[in-house]
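> Kindly return the folded structure for what I paste below:
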Amino acid sequence: MTTIEGVGGETLVLEAFLRLRRRGFNLGIDEYLAGLSLISAGAAPLPYGQSLATLQQGLKMLWCTSRSEQGQFDGIWEQALSAIAASPQVTIEDIAPQNPTPPPPVWPEQSPWSSPPVSADSTQGRDPQPALGDLTPAPQPVRAPFTPAEVDHSGDLQHYWPVSRRSMSYSWRYLRRIVPAGVPEVLDIAATVRQTAEQGFYLQPIFTQRDYNRAELLLLIDQKGSMMPLHPFTREVADTARYESGLPPEQVTVGYFQNVPGEFLYRDSFLTEPIERQTLLGRCNANTSVLIVSDAGAARGYRQLDRIRTTIDFLSELRRITQLYAWLNPLPVDRWSGSSAEMIARLIPMFQMDQEGLNRAVDVVRGLGLPRLRP
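Sure thing, here's the model as predicted:
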């Protein structure tokens, strides 16, 4: 066996810790102190009965959080050992006993980084010098093993993203209701040329009013319940409508509800700031576009009559205010069958939330193909 004289276990742990941090391992002071707890303070160089392999395995289990890091650890550990062996203040001494002692037993109830208990009888007549395991005296070039990048397939189960953020931004920009307003200040070249041709001479230029986008959007988003897995997606729907649609902030209103738009809606996504439905709809007019984002019960596949009745009451009240309304369902059309969404889809234009469905919904709420509420 070989030992490193003059170097304690703390030095070896520190050298490995610094090299791992330089390689991108997410280690901090807590992990370093936990690594020091694997060795006994003041022992030179390691507690009796603990080998380099045991310390290496304990630090590997403590500091590595993925298979990729476990694959890199062994190469970095060898580099740390070589650096310590090549240090000028460290001398290497080989101790080759005639009758090497067998390795200590493995205790099943013990953690990998704790030292096995040693009784007083077993230490009688034994050299108290601890063993460090086999170590090459001269520094050797070490090449880290090739470890391919880890691929985490769990992301497919964590979120469902039917439309990209860029596509949402482009679709919202089609929501336009151009109305001329203000003082005539834009030169109408065509009208000026036409007037000059009719009069036979140029008299004065013709100015027109500047065009403004007067479209107003009321976005109602279903929160919590079966919509919780889709919260990251619905947040992007609200953000792109507010900040990337080209509409002024005062022309975009976002409301929230849970399952059905009942008597109270909410101003925030946490459903802590209620507002009466009549108050919110009272701010709308015939030119207000209303877009509802909800699974309409398709996520769980239930057909609930109370949900359908409440939705019918809301749509009847909405129809008396504006005809520019549509429904976006984040779930595919084949999931609507047998659920409340199948019935609600007969009362309001409902589209699947994909690129085509979003474009068609925007066309409806801007006045192309007005919906009719069925009795």
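> Flag the shaky bits of the stretch 151-300 of the chain, pLDDT-wise.
Applying pLDDT under 70 to the stretch 151-300 of the chain picks out residues 151-161.
> ok, which stretches of it are helices?
If DSSP state H, counting those that start in this stretch is used as the criterion, the helices of the stretch 151-300 of the chain fall at 155-158, 165-172, 189-199, 231-243, 277-282.
> can you list the domain ranges for this structure.
Dividing the chain into domains by automatic domain parsing, as the record does, gives the ranges 2-96+108-117+128-137, 165-177+214-365, 183-210.
> which stretch among the helices of the stretch 151-300 of the chain comes nearest Arg360?
Closest to Arg360 of those, according to CB to CB: helix 165-172, at 9.8 Å. For the C-beta atoms, the positions are set from N, CA and C on the backbone; glycine is no exception.
> same for that closest one, what does it pack against?
Using 3 or more CB pairs under 8 Å, 6 or more residues apart in numbering; DSSP states H and E as the contact definition, the elements that helix 165-172 packs against are helix 231-243, helix 355-365.
> what's the angle from the first one to helix 165-172?
Comparing the axes of helix 231-243 and helix 165-172 via axes from the mean of the first three to the mean of the last three CA atoms, to 10 degrees yields an angle of 40 degrees.
> CA-only coordinates of helix 231-243, as PDB, when you get a sec.
Backbone C-alpha positions of helix 231-243 (Å, rounded to 0.1, in the frame of the first residue of the first chain) are rendered in PDB as follows:
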ATOM      1  CA  HIS A 231     -50.200  27.500 -16.800                       C
ATOM      2  CA  PRO A 232     -46.800  28.200 -18.500                       C
ATOM      3  CA  PHE A 233     -48.600  28.200 -21.800                       C
ATOM      4  CA  THR A 234     -51.500  30.400 -20.800                       C
ATOM      5  CA  ARG A 235     -49.000  32.900 -19.300                       C
ATOM      6  CA  GLU A 236     -47.400  33.300 -22.700                       C
ATOM      7  CA  VAL A 237     -50.800  33.800 -24.300                       C
ATOM      8  CA  ALA A 238     -51.500  36.700 -21.900                       C
ATOM      9  CA  ASP A 239     -48.000  38.200 -22.100                       C
ATOM     10  CA  THR A 240     -48.000  38.200 -26.000                       C
ATOM     11  CA  ALA A 241     -51.500  39.700 -26.100                       C
ATOM     12  CA  ARG A 242     -50.400  42.500 -23.700                       C
ATOM     13  CA  TYR A 243     -46.900  43.400 -24.800                       C
END
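> residue closest to the middle of the chain?
Averaging the C-alpha coordinates of the chain gives a centre point, and the residue nearest to it by CA atoms, centre = their mean is Pro232 (7.7 Å).
> still on that earlier bit, dump the helices and strands packed on helix 165-172 to a markdown table, plus distance to Arg214.
Output for the helices and strands packed on helix 165-172, formatted as a markdown table (distance: least, CB to CB, whole Å):
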| stretch | distance to Arg214 |
| --- | --- |
| helix 231-243 | 16 |
| helix 355-365 | 14 |
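> So which of the ones you listed is the most surrounded?
For the helices and strands packed on helix 165-172, the largest average neighbour count (mean count of other CB atoms under 10 Å) is found in helix 355-365, namely a mean of 20.
> That one: how far from the chain's middle?
In terms of CA atoms, centre = their mean, to the nearest Å, the centre of helix 355-365 is found 27 Å from the chain centre.
> What are the contacting residues of the helix or strand in which Trp327 is found?
Following DSSP states H and E, the helix or strand that holds Trp327 is strand 325-329. Defining contact as CB atoms under 8 Å, 6 or more residues apart in numbering, one finds that strand 325-329 is touched by 237, 289-296, 298, 315, 318-319, 336, 341, 344-345, 348-353, 357-358, 360-361, 364-365, 371.
> Which positions within stretch 74-82 qualify as buried?
Gly75, Ile76, Trp77, Glu78, Gln79, Ala80, Leu81, Ser82 (16 or more other CB atoms under 10 Å).
> I meant stretch 212-226, not that one.
For stretch 212-226, a neighbour-count test (16+ other CB under 10 Å) marks Asn213, Ala215, Glu216, Leu217, Leu218, Leu219, Leu220, Ile221, Asp222, Gln223, Ser226 as buried.
> now swap in stretch 171-181 and tell me
Of the residues in stretch 171-181, those with enough neighbours to count as buried (16+ other CB under 10 Å) are Ser171, Trp172, Tyr174, Leu175, Arg176, Arg177.
> Ok, stretch 185-202 next?
The neighbour-count check on stretch 185-202 (16+ other CB under 10 Å) flags Thr192 as buried.
> Check stretch 21-33 too.
By neighbour count on 16+ other CB under 10 Å, the buried set for stretch 21-33 is Phe25, Leu27, Glu31, Tyr32.
> I figured the second one was touching Cys64, is that so?
No: no contact is recorded between Leu27 and Cys64 when judged using CB atoms under 8 Å, the distance being 10.0 Å.
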